[in-house]
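A.B. asks: Would you be able to build a 3D model of this:
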Amino acid sequence: MSSYEEAGGSEEIQRESAMATKYATVELLVPVDLYLSSGVHIGTYFSNKQLEKFIYRVRPDGLYILDVRKIDERIRVAAKFIATFEPSSVVAVGGRQYSFKPVEMFAKLTGGKAVLGRFMPGTFTNPRFSGYIEPEVVIISDPRVDTQALTEAMEIGVPVVAFVSTDARISGIDLVIPGNNKGRKSLALLYYLLTRQVLRERGQLGATQELPVPLEEFEAKVVI
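C.D. replies: Residues are numbered from 1 along each chain as shown. The predicted structure is shown next:
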């Protein structure tokens, strides 16, 4: 069962088919059905007022649903911005387990650096620390989890791009990409698209060229 079905059930799938119909003819980075089946639009039961412009609707049970077109637009904006930096100066951070694989693949394919798991204090601020990194731009997977990375990026004055859900605090974040940053399939698709778009913006991929690896390679494995 997809995260979309798990989050909404069959009735919600029917209701949200209106979004699929609305954007069926819109040129998105991937078909709208793939966005929906990956659950990138599933938010939380809370919403930061600053993120209201990214909300598509609120379900009867109070769950906030993000607008896939706005997710798509922000991935494009973020990719264009990230592509202006030297690849090795781009650092992607993922403290949540489901972000490990997509962050790792983003860094591998774009030539950036990945910081996975617990973010050690001083990674960006202490030159004496063995794991010290000097980023020019930082990508964080979840502001609620990657707080130390966000704090240190702010301290050294480098821009921060962040995937945020509806309940995120966005203070200190320079470029927001709305999306479900907790789901396994959602994170895989978000990072897959960001990776592909960054490489297209750099001219390393053609405008319609695909990545050399499939989407599934970005997806964290479920440990049973």
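A.B. asks: give the contact list for the residue of the chain most remote from its centre.
C.D. replies: What lies farthest from the middle of the chain is Arg128; by C-alpha atoms, centre = their mean that is 30.9 Å. Counting by C-beta atoms under 8 Å, 6 or more residues apart in numbering, Arg128 makes contact with Gly122. To be clear about C-beta, it is placed using only N, CA and C from the backbone, and glycine gets the same treatment.
A.B. asks: For Leu215, see how far away it is.
C.D. replies: Arg128 is 40 Å from Leu215, where distance means C-beta to C-beta, to the nearest Å.
A.B. asks: Report the secondary structure element holding the closest residue to Lys113 other than its chain neighbours.
C.D. replies: Spatial nearest neighbour of Lys113, excluding adjacent residues (C-beta to C-beta, 6 or more residues apart in numbering): Val91 at 4.7 Å. Using DSSP states H and E, Val91 sits within strand 90-94.
A.B. asks: Which pLDDT value belongs to the closest residue to His41 other than its chain neighbours?
C.D. replies: Distances taken as C-beta to C-beta, 6+ apart place Leu66 nearest to His41, at 4.5 Å, with adjacent residues excluded. Residue-level confidence at Leu66 comes out at 96, pLDDT.
A.B. asks: isn't Leu66 right next to Val40, touching?
C.D. replies: Yes - at 7.3 Å, Leu66 and Val40 qualify as touching, with contact defined as C-beta atoms under 8 Å.
A.B. asks: between these two, what contacts are shared?
C.D. replies: Common neighbours of Leu66 and Val40 (C-beta under 8 Å, 6+ apart) are Gly179, Asn180.
A.B. asks: These two - which one has more neighbours?
C.D. replies: Taking neighbours as other C-beta atoms under 10 Å, Leu66 and Val40 compare with Val40 leading, 29 against 25.
A.B. asks: Give me the next element, helix or strand, following the least confident helix or strand in the chain by mean pLDDT.
C.D. replies: Every helix and strand in the chain was compared by mean pLDDT, DSSP states H and E; the lowest is helix 3-22, with a mean of 58. Using DSSP H and E, the helix or strand that follows helix 3-22 in sequence is helix 32-38.
A.B. asks: follow-up on the earlier one: look up how far Gly95 lies from the residue nearest to His41.
C.D. replies: For Leu66, the distance to Gly95 - C-beta to C-beta - is 22 Å.
A.B. asks: Distance across stretch 58-69, terminal residue to terminal residue?
C.D. replies: 16 Å (C-alpha to C-alpha, to the nearest Å).
A.B. asks: Please spell out which residues along that stretch are buried.
C.D. replies: Residues of stretch 58-69 classed as buried: Arg59, Leu63, Tyr64, Ile65, Leu66, Asp67, Val68, Arg69 (neighbour count, 16 or more other C-beta atoms under 10 Å).
A.B. asks: Looking at those residues, spot the one nearest Phe124.
C.D. replies: Among the buried residues of stretch 58-69, Leu66 lies closest to Phe124 (C-beta to C-beta), at 29.3 Å.
A.B. asks: what are the phi and psi angles of Tyr64?
C.D. replies: Phi and psi for Tyr64, reported as degrees, to the nearest 10, are phi -80, psi 140.
A.B. asks: that older thread, residues near the residue nearest to Lys113, how many?
C.D. replies: Val91 has 24 nearby residues by other C-beta under 10 Å.
A.B. asks: quick one, what contacts it?
C.D. replies: Contacts for Val91 (C-beta under 8 Å, 6+ apart) come out as Gly112, Lys113, Ala114, Val115, Ile133, Pro135, Val137, Val138, Ile139.
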